[in-house]
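Engineer: Predicted model and sequence below, questions to follow.
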Amino acid sequence: MAVNTLYMNKKNDITGQETEGQDQIDWLRSTLADAKGSDRKFIITNHIYPGAKYTGKSKELLTDDFNN
């Protein structure tokens with residue numbers, strides 16, 4: 001499963017982007033919930049992982065809502 005976390009980046013201009021970031025999180029949660037109890041396994045990949053920080057700074061890359 002691939003999630004485009006660039007939508008969730010603090011530096012991303014959300015103008016005109018609507019709710020793509022939250023839509024992806026909702027899709028991910030729904031897909032995982034639907035598969036719960038089955039034998040399905042997933043590898044989740046993304047560009048920026050939750051909790052990632054700028055090099056040499058303590059500033060996180062994703063917005064707080066998506067880091068949580």
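Structural biologist: That came through, no problem.
Engineer: all helices of this protein, in order?
Structural biologist: 20-35, 64-67 (DSSP state H).
Engineer: List the buried residues of the last one.
Structural biologist: Of all the residues in helix 64-67, those buried under the rule 16 or more other Cβ atoms under 10 Å are F66. No exception for glycine: its C-beta is placed from N, CA and C like everyone else's.
Engineer: The first one now?
Structural biologist: Residues of helix 20-35 classed as buried by neighbour count (16+ other Cβ under 10 Å): G21, Q24, I25.
Engineer: Check the gap between N68 and M8 for me.
Structural biologist: Note on N68: its distance to M8, by Cβ to Cβ, to the nearest Å, is 11 Å.
Engineer: Would you mind telling me which of the two has the busier surroundings?
Structural biologist: M8 (24 against 7; other Cβ atoms under 10 Å).
Engineer: tell me the contacts of that one?
Structural biologist: M8 is in contact with G21, I48, L62, T63, F66, counting by Cβ atoms under 8 Å, 6 or more residues apart in numbering.
Engineer: Model confidence for the residue nearest to it when sequence neighbours are not counted, exactly?
Structural biologist: In space, and not counting its chain neighbours, M8 is closest to F66: 4.0 Å by Cβ to Cβ, 6 or more residues apart in numbering. Reading off the confidence values, F66 has pLDDT 77.
Engineer: Verify the stated contact: F66 with I25.
Structural biologist: Yes: counting by Cβ atoms under 8 Å, I25 is a contact partner of F66 at 7.0 Å.
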